[in-house]
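Engineer: take a look and give me a structure for this.
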Amino acid sequence: MDLLQILVPVYNEEDTILVVLKKLNEQKKFVKSFSITVVDDGSTDNTSKLLRKNSHLYSNLITSSLNYGKGNAIIMGLKSIKTGYVLIQDADLEYDPTEIPRLVSLVDQYGADVLLTSRLSGSPMTRVHYFWHKWGNIFLTRVFNVLNNTSFTDLYSGYLIFDRKLVNEKKLKFYGWGQQAEIMTYLVKNAANIYECPITYRGRTYEEGKKIRASAILNVLFSIVLTRFRILFS
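Structural biologist: The predicted structure follows:
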């Protein structure tokens, strides 16, 4: 892998953002070519202030005056990233940056264009999920697999690495939770070598700041179907 581009979308994560960035920087000892782009999606807590005071922890900071959603933050980040491989890193510590060297090694070893991680297949440790979150994800993953002739086990795992040239951000239409399914649809269409591997997961509770709600399932389902048919008839 010539260059790993870490994209960190963040919204109101004052308790964890610096911990995440420090852990990411520690991985530079193991990954030779490394860049960190943070996109602050209109945070209203102390996240923005902390980022400005700690500019040594990232390569590039992009800010939005309003909160439009994680999908918009990713689009803004992709506009500034032109080459290399992209890894999307949430700012909430549900996924541990210490796993990144292993993921990079797998991409290099197998020549992967895309590597999606899975909490549901061989994970060494996973914090117990909310029941409906887990089965909602399983349902959406199966719908995606049927429409795209794939065999993923965890469509909405938070660690995804892909070759930047495989995604045209100008084609991305979803700003909310549906965007990962949208990106995955384009990756399946454009990539030659797609892999999945297990990942350790420490999911947060709502009391700890988890943001996704049950209503997201409709947005994701719409994204899966619409993007697939958009590709078929384009």
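Engineer: can you map out the helices along the protein?
Structural biologist: 17-26, 47-53, 70-80, 100-110, 131-148, 179-190, 216-232 (DSSP state H).
Engineer: closest to V39 out of those?
Structural biologist: Among the helices of the chain, helix 70-80 comes nearest to V39, with 4.1 Å by C-beta to C-beta. Backbone N, C-alpha and C define where each C-beta goes, glycine included.
Engineer: quick revisit: got the helices of the chain as TSV, with mean neighbour count columns?
Structural biologist: Below are the helices of the chain laid out as TSV (neighbours: other C-beta atoms under 10 Å):
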stretch	mean neighbour count
helix 17-26	18
helix 47-53	16
helix 70-80	21
helix 100-110	16
helix 131-148	16
helix 179-190	21
helix 216-232	17
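Engineer: pLDDT value on E94, please?
Structural biologist: For E94, the pLDDT comes out at 87.
Engineer: check G158 too.
Structural biologist: For G158, the predicted pLDDT is 84.
Engineer: same deal with L103?
Structural biologist: pLDDT, read off for L103, is 97.
Engineer: quick check: bridge partners of the residue nearest the centre of the chain?
Structural biologist: Closest residue to the average C-alpha location of the chain: I88 at 3.7 Å, with C-alpha atoms, centre = their mean. Judged by DSSP bridges, the bridge partners of I88 are L7.
Engineer: that one against P9, yeah?
Structural biologist: Yes: with contact defined as C-beta atoms under 8 Å, I88 and P9 form a contacting pair (7.3 Å).
Engineer: overlap in contacts, these two.
Structural biologist: I74 (C-beta atoms under 8 Å, 6 or more residues apart in numbering).
Engineer: for the chain, give me the ranges with low pLDDT.
Structural biologist: 122-133, 203-215 (pLDDT under 70).
Engineer: show the contacting residues for I161.
Structural biologist: Per C-beta under 8 Å, 6+ apart, neighbours of I161: 4, 85-87, 103-104, 107, 112, 114-115.
Engineer: likewise K82?
Structural biologist: With C-beta under 8 Å, 6+ apart, K82 has these contacts: R164.
Engineer: state the phi and psi torsions of it.
Structural biologist: Main-chain torsions, K82, degrees, to the nearest 10: phi -110, psi -20.
Engineer: what does the one 10 residues further on give?
Structural biologist: As for D92, its main-chain torsions (degrees, to the nearest 10) stand at phi -110, psi 0.
Engineer: please tell me I have it right and it contacts E13.
Structural biologist: Yes: at 5.9 Å, D92 counts as touching E13 under the criterion of C-beta under 8 Å.
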